[in-house]
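In: A structural model of the following input is requested.
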Amino acid sequence: MAMTIKNGIANIKAFIARDVSYATYLSGGSWNKTTIKDIRQLSGDRVGIYVQFGKDAPNTINGIRLYGQDGRIWAESTDLNLTKTKSAQGFLYRFTIHVVQEAE
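Out: Take a look at the predicted model:
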């Protein structure tokens, strides 16, 4: 069984941080482009991709897609039900990618 070493995992995490370039969110049945606020190397084998929604964001967001530099969908979560409260100035959504190795 082949095992990925720590350096390999670190390289994959760095690739994710370099390649993911923007996001879209689903609200009211349509996808809208938005920017990524930050991409962070988290503890362990995780990468956090943060999307900031300001006070002008829609009240409900039902999905988020991440796109690579080539414009193709990189990852998505389409089963969301994020609801902004009336007093909210906005919110920050973290899309977490956990890099794991599985043996077959």
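
In: what residues does the helix or strand of the chain with the lowest mean pLDDT touch?
Out: Lowest by mean pLDDT, DSSP states H and E among the helices and strands of the chain is strand 82-83, with a mean of 83. Applying Cβ atoms under 8 Å, 6 or more residues apart in numbering, the external contacts of strand 82-83 come out as 59-62, 91, 93. For every residue, glycine as well, the C-beta is placed using N, CA and C.

In: Out of those residues, which comes closest to G68?
Out: Y93 (18.7 Å; Cβ to Cβ).

In: got a list of what the closest one touches?
Out: Counting by Cβ under 8 Å, 6+ apart, Y93 touches 50-51, 53, 61, 64, 82.

In: and those residues, which are buried?
Out: 51, 53, 61, 64, 82 (16 or more other Cβ atoms under 10 Å).

In: The third one and D19: what is the separation?
Out: This means I61. Using Cβ to Cβ, to the nearest Å, I61 is found at 23 Å from D19.

In: Ok, I12 next?
Out: 11 Å.

In: on that earlier part again, wait, which of the contacts of strand 82-83 is closest to T24?
Out: The closest of those to T24 turns out to be I61 (Cβ to Cβ; 10.5 Å).

In: Give the bridge partners for T24, please.
Out: Applying DSSP bridges to T24 gives these bridge partners: K33, R65.
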